[in-house]
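Asks: here are the coordinates; sequence isn't available:
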């Protein structure tokens, strides 16, 4: 009965990344400065616009957006649509924390060095990767988006990635949540329980920087202080396409750098 | 929108306890019990709910009083509330049967065993669970297959949201409220904004109320589909898991198309909604109709799969007497005979004007909870269709009224997919001074201790999935 | 008296010397503590040699003269030859099996007796020597009187061994139960043999075979089989095994369960050889009882909390297995199929050998494990590998053998047994076929649960995490270690040389079935088949070469694939889902491991589990002060509950009536004796 039912609606799986997907292309990413508007610092009330402090003014008076702090509330985009816009597409992840800041504050040499190190670790993992997820104080929505990777629309198994229950079998550690104090120890234990080589991905703005729930007596401002993070993925929560793009970035199966500029 | 609340101030904590106990014994239920720091004093607030009305009862613990007579021996539903009070405010409820830390980390050596017998040992299940799940620890005291007793450790996900809300501008508070329980963002936003609108005396425009209702029902669909996916996954029905996962993805994408966020965040703002839905009502009706047809067929087939029903029948039963004594909320309560739904008893948003029926069962097992959720899915589609029709008629009209709360205090509520959600917001000088969030997950999760009657370890995932509790909401 | 007869005599004399040494010197003198057992070991070695010689066809006889000869000469009209002891091939085979195990057991016994847990008074050595001597006499008896004499002394020896630690709670009752069932088996044997003697007119065992077929012969066969079945513990008489074995001290259990139980099997084999099969209905009943025994035995073994009881119930299970093989042989005998007799007997004899080696090893090892704490609760004995490595290794090897894992001897014997049962399609009668099929299913079920049972022993007792309050175990001294090594080695080596074993069995079984039929089990010098060609083959010898080779191959591959860094590891705590820790036990207890078995086999075990609310107990220790839920679980022994318990009342009434005879008056007793004598004479003359 169920077998026949399963054949009714044909194939609903996306072909991304080998073929373009229009929902993927329309994925809303963190707020970004429109091209050429980075110098309009004087006309912007930076502190008032952003509730998490992602928008700030640099020393030279230019505008600076830390996408790792963006919770996609949209105040900047609706308040100043001439300066700010949503970044589109799933390629919002970066391999360094500095890579999430626009305008870019890292040099191509530093980026290349980090990518080389990452590539060395994931060289052997290309087509068979095991993921382990740890919830370090999330709000529950990031888990839904990670679980969505297993539904027939995204079907992460076709990319050779599988979820595993034991960290002993895991290659990539996905961490969500703002780093609640209760989970600091367990997160560290899980990280230690994974064999080398391993890659850690901070999924969601809460994990990258603490989001809006930090600073608080019970959180640690993201997980960067507890485990060494290799891939930073902003979003509140990041969509499944963005998570897939982040994983492919970690495995160097996608062009690195994304479209940040 | 009626604000049917009474407000009473008792002379002492003991008097407060007696009033609450009397009301609960008389058939009402304890809905919330929390504290507010006022200078050095502590203001104890108890919310007691009856059909269609809620009473707020308060008492002040002065600075010198470090303890007060515990409510739990007389009102069993206060069990976790008093532990939370003890953790966050340091007061000791004298006479509390098991005063162990709940939301703050605890030394495992001070958490003793609760079951005795031959060969008993404790299986610690969590906090890092086998699968993509939220962090919570279950201490299963078992002699090998049976589960005579179960303990919970909740402190792993405590984020201190209520404290974070203090001193925040009301407009920013919506962002925090949405992230208190991320899978019920719309319900939290509605309850929070309702409290602010009551303080500032704002009347939400009709169109805004309809949009809020639309998103709340879409969120309910997504949450119930998540529960069904977990149950089918636990039973190993691969095709059912895949199909329901596909339906849930369609619901999230529909929400994304309407509002720009897959979880409906940023839609509800104090005073109304931020923007109109980005799809015409006719398109909404078409998309929802297609989804309804396929989803109803799949649910009908699922509720006819004998091997699946076998796993759920008589699994994790919550006796109706216990459910009503505790005041179980949401689908858990409605499956055990506690027939109350805030959308009907204390209507908010557009529910007062739209037609709906409340479904309930009396068995209280996992199958009854699934059936209640299936009925709510059908009711949700009906409500979405009504809301879309009304939106098509009320095509002009404002979406947002002014809402600038300066000083005041008001409750807010909503029927989240998990059950009754209560907010109590206090604003001073245009900033939030105390925001109490009581999600249904917190009230219901403690019932996990009581539902393992003769079940074995393999029934555990079904019981947990059928509860459908959000740990992020429970731990806040 | 031939050359090997002298060896036989030497063995018996050494056993007598052992008994004497214990009686005279006793354990009070430390130098003499080991003496009885070393003497017993030497005696057992002699008897082993005699048995081996007899099995391959040498002449082994021992004629008695002296008192017995005078009595015999005086009754020459009744006797056709002077009684004595002699070992033919079948006796030789069983002598070899029993005493090849008794030698290492005696060594271990010597080690144990010298240790601090050894006996503190006389009697144990005597009982031990008496048991071994009785076994030798029963196995080599040539006439009815000697046979029964040996049997009754064995019962007495069992009572002495089981009742040695009478002071401990429960042991007094266990010893009495052992004695009672021993007497019951003796009574059955006496009745059957008397019937045969009166009908056939001969007092020698060989002469009993001359009785023509008929109701008398069938009744006698049934009585004899019943007597032997009570001795080995077939349902419903299996209730004395756990009690008796658990009550005996130290390695005495190995003597009882590993060596002495073989007399029962010998008796059954001899009955088949002399008198043929019983009626067809009885064969079917025997098969069904054997399967019930196997299932009941393993069900209880899987859920016991005490190490000795687990091993004792495993003896019950093995009885079921052996008798299932014997049942196949009986079916073959009833249908005149030599190949089937051979298949059944080879399977049963292989299982006897494997069981003897493994059970002796298990009881000897458990004596070493229990030594420290005097407790044999499985939870307290957890993680013994560090405390007592030799005993733990012995326990592990014995467990693997009885679980039937390759490449041990138990694997070969269970394979043979299942293959023999699978030949049921060759049997003409439908009833026989059905019964064989049911038995086959039950044996397969048993083999599965045997795995679960012994995994619990190996995984928790040997390899588990030691409990915090575990006392140090006491590994045996040099002699004991030699014993354990010999027994463990035989468990493993017997599989590798299985074809040689089968040749020996072929020689040994020739009184029952021609050796050529048994040798058909050897398809080629190193490959075995279940006697019938073209059905199935197994080569345990090749397994012994291939399995280690595969292991070495995989290890080499892993070493290469890891870049030659296989042993460079980073140690982290075991993964327990990153929990903060719990108070009390957080890993599986022995009780908990058996709990799924308790639930699955609830029909056989009549499991009852209950959860009750209780009030808080402030007087309990810190761990349990806030406890408010009580869990309890119970299993019931079905034969005891539904067969023996209801019989208690009528039996008590009967005993009360019989007590009236015990008036205490001498003249009444003399009158009873006169009446009994007159009745006996009348009966005997009437029967002629």
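Replies: Happy to help now that I have it. Bear in mind that the values here come from a model prediction, so they are computed numbers and not experimental data.

Asks: got the residue ranges for the strands in the stretch 301-450 of chain B?
Replies: Ranges of strands within the stretch 301-450 of chain B are B:408-416, B:419-428, B:431-438, based on DSSP state E, counting those that start in this stretch.

Asks: what number of residues lie near the residue in the stretch 551-688 of chain C that chain A sits nearest to?
Replies: The stretch 551-688 of chain C approaches chain A most closely through residue C:578 (3.5 Å), counting by C-beta to the nearest C-beta. All C-beta atoms are positioned from the backbone trio N, CA, C, and that covers glycine. A total of 26 residues lie near residue C:578 under the criterion other C-beta atoms under 10 Å in any protein chain shown.

Asks: please identify the helix or strand for it.
Replies: Taking DSSP states H and E as the definition, residue C:578 sits outside all helices and strands.

Asks: residues contacting it?
Replies: A:185-187, A:189-190, A:193, B:127-128 (C-beta atoms under 8 Å, 6 or more residues apart in numbering or on different chains).

Asks: turn the residues you listed into a markdown table, including secondary structure, neighbour count and distance to residue B:414.
Replies: Formatted as a markdown table, the contacts of residue C:578 follow (DSSP: H, G, I helix; E, B strand; the rest coil; neighbours: other C-beta atoms under 10 Å in any protein chain shown; distance: C-beta to C-beta, whole Å):
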| residue | secondary structure | neighbour count | distance to residue B:414 |
| --- | --- | --- | --- |
| A:185 | helix | 16 | 35 |
| A:186 | helix | 23 | 32 |
| A:187 | helix | 29 | 33 |
| A:189 | helix | 21 | 38 |
| A:190 | helix | 24 | 35 |
| A:193 | helix | 22 | 41 |
| B:127 | coil | 31 | 29 |
| B:128 | coil | 26 | 32 |
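
Asks: ok, those residues vs residue C:522, which is closest?
Replies: Nearest to residue C:522 among the contacts of residue C:578 is residue A:193, at 53.1 Å by C-beta to C-beta.

Asks: got a pLDDT number for the closest residue to the closest one other than its chain neighbours?
Replies: Computed as C-beta to C-beta, 6 or more residues apart in numbering or on different chains, the closest residue to residue A:193 that is not its neighbour in sequence is residue A:167, at 4.3 Å. The model reports residue A:167 with a pLDDT of 94.

Asks: count the residues that sit near residue A:167.
Replies: For residue A:167, using other C-beta under 10 Å, the count is 23.

Asks: and residue A:172, backbone torsions?
Replies: Note on residue A:172: backbone dihedrals following degrees, to the nearest 10 are phi -120, psi 130.

Asks: quick check: the residue of the stretch 151-300 of chain B nearest chain C.
Replies: Minimum separation of the stretch 151-300 of chain B from chain C (C-beta to the nearest C-beta) falls at residue B:153, amounting to 7.3 Å.

Asks: in whatever helix or strand residue B:35 lives in, what's buried?
Replies: Residue B:35 belongs to strand B:29-38 when elements are defined using DSSP H and E. Buried positions in strand B:29-38, judged by neighbour count with 16 or more other C-beta atoms under 10 Å in any protein chain shown: B:29-36.

Asks: what of stretch C:434-443?
Replies: C:435-436, C:438-440, C:442-443.

Asks: now those residues as TSV including distance to residue C:354 and pLDDT?
Replies: Below are these laid out as TSV (distance: C-beta to C-beta, whole Å; pLDDT from 0 to 100):
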residue	distance to residue C:354	pLDDT
C:435	25	94
C:436	22	94
C:438	24	95
C:439	19	95
C:440	19	95
C:442	19	95
C:443	14	95
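
Asks: now go through these and say which are in helices.
Replies: C:435-436, C:438-440, C:442-443 (DSSP state H).

Asks: before we move on, back to that, spatially nearest residue to the residue of the stretch 551-688 of chain C closest to chain A (excluding sequence neighbours)?
Replies: Nearest one to residue C:578, counting by C-beta to C-beta, 6+ apart, is residue A:186 at 3.5 Å.

Asks: which is the next helix or strand following the strand or helix carrying residue C:125?
Replies: Under the criterion of DSSP H and E, residue C:125 resides in helix C:124-140. Using DSSP H and E, the helix or strand that follows helix C:124-140 towards the C-terminus is helix C:144-162.

Asks: and that next one, how far out from the chain middle?
Replies: 16 Å (C-alpha atoms, centre = their mean, to the nearest Å).

Asks: got the buried residues for it?
Replies: Neighbour counts using 16+ other C-beta under 10 Å place C:144-148, C:150-162 of helix C:144-162 among the buried residues.

Asks: residue contacts, the residue nearest to residue A:193?
Replies: A:132, A:173, A:190, A:193-194, B:128, C:575.

Asks: can you put those residues in TSV and add pLDDT and distance to residue B:335?
Replies: Rendered in TSV, the data for the contacts of residue A:167 read as follows (pLDDT from 0 to 100; distance: C-beta to C-beta, whole Å):
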residue	pLDDT	distance to residue B:335
A:132	95	34
A:173	96	38
A:190	94	35
A:193	94	39
A:194	94	40
B:128	93	30
C:575	90	36
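
Asks: mind checking the SS state of residue B:47?
Replies: strand (DSSP: H, G, I helix; E, B strand; the rest coil).

Asks: check contacts around it.
Replies: Contacts for residue B:47 were tallied using C-beta under 8 Å, 6+ apart; they are B:30-33, B:54-57, B:411, B:422, B:424, B:438.

Asks: how about the closest residue to chain C within the stretch 1-150 of chain A, what does it touch?
Replies: Here the stretch 1-150 of chain A gets closest to chain C at one residue, residue A:134, 8.2 Å apart by C-beta to the nearest C-beta. Contacts for residue A:134 (C-beta under 8 Å, 6+ apart) come out as A:173-176, A:183, A:186-187, A:190, B:128, B:135.

Asks: what bridges to it?
Replies: Beta-bridge pairing for residue A:134 (DSSP bridges): residue A:175.

Asks: pLDDT wise, what is it at?
Replies: Predicted confidence (pLDDT) at residue A:134: the value is 95.

Asks: now swap in residue C:11 and tell me
Replies: Taking residue C:11 on its own, its pLDDT is 88.

Asks: now swap in the one 10 residues further on and tell me
Replies: pLDDT recorded at residue C:21 is 87.

Asks: any idea which helix or strand carries it?
Replies: Using DSSP H and E, the element containing residue C:21 is helix C:3-24.

Asks: just residue A:65 next, same as before
Replies: Here residue A:65 sits within strand A:63-66, counting by DSSP H and E.

Asks: with residue C:324 instead?
Replies: Assigned by DSSP H and E, residue C:324 falls within helix C:307-335.

Asks: packing partners of that helix?
Replies: Counting by 3 or more C-beta pairs under 8 Å, 6 or more residues apart in numbering or on different chains; DSSP states H and E, the packing neighbours recorded for helix C:307-335 are helix C:215-232, helix C:240-247, helix C:252-254, helix C:262-275, helix C:280-303, helix C:338-370, helix C:409-422, helix C:430-456.

Asks: name the surrounding residues that touch the shortest one.
Replies: Contacts to helix C:252-254, defined as C-beta under 8 Å, 6+ apart, come from residues C:101, C:105, C:108-109, C:124, C:127-128, C:161, C:164, C:245-246, C:308, C:311-312, C:359-360, C:362-364, C:366-367.

Asks: helices of the stretch 101-250 of chain A, start to end?
Replies: Assigned by DSSP state H, counting those that start in this stretch, the helices in the stretch 101-250 of chain A fall at A:108-122, A:141-147, A:184-193, A:205-209, A:240-250.

Asks: out of those, flag the one nearest residue C:140.
Replies: With respect to residue C:140, and counting by C-beta to C-beta, the nearest of the helices of the stretch 101-250 of chain A is helix A:184-193 at 64.7 Å.

Asks: just to revisit the earlier point, can you tell me which two in the buried residues of stretch C:434-443 are farthest apart?
Replies: C:435 and C:443 (12.4 Å).

Asks: I'd like the next helix or strand past the helix or strand bottoming out on mean pLDDT in chain C.
Replies: Taking mean pLDDT, DSSP states H and E as the measure, chain C has helix C:67-74 as its least confident helix or strand, at a mean of 50. Reading on from helix C:67-74 to the C-terminus, the next helix or strand found by DSSP H and E is strand C:84-87.
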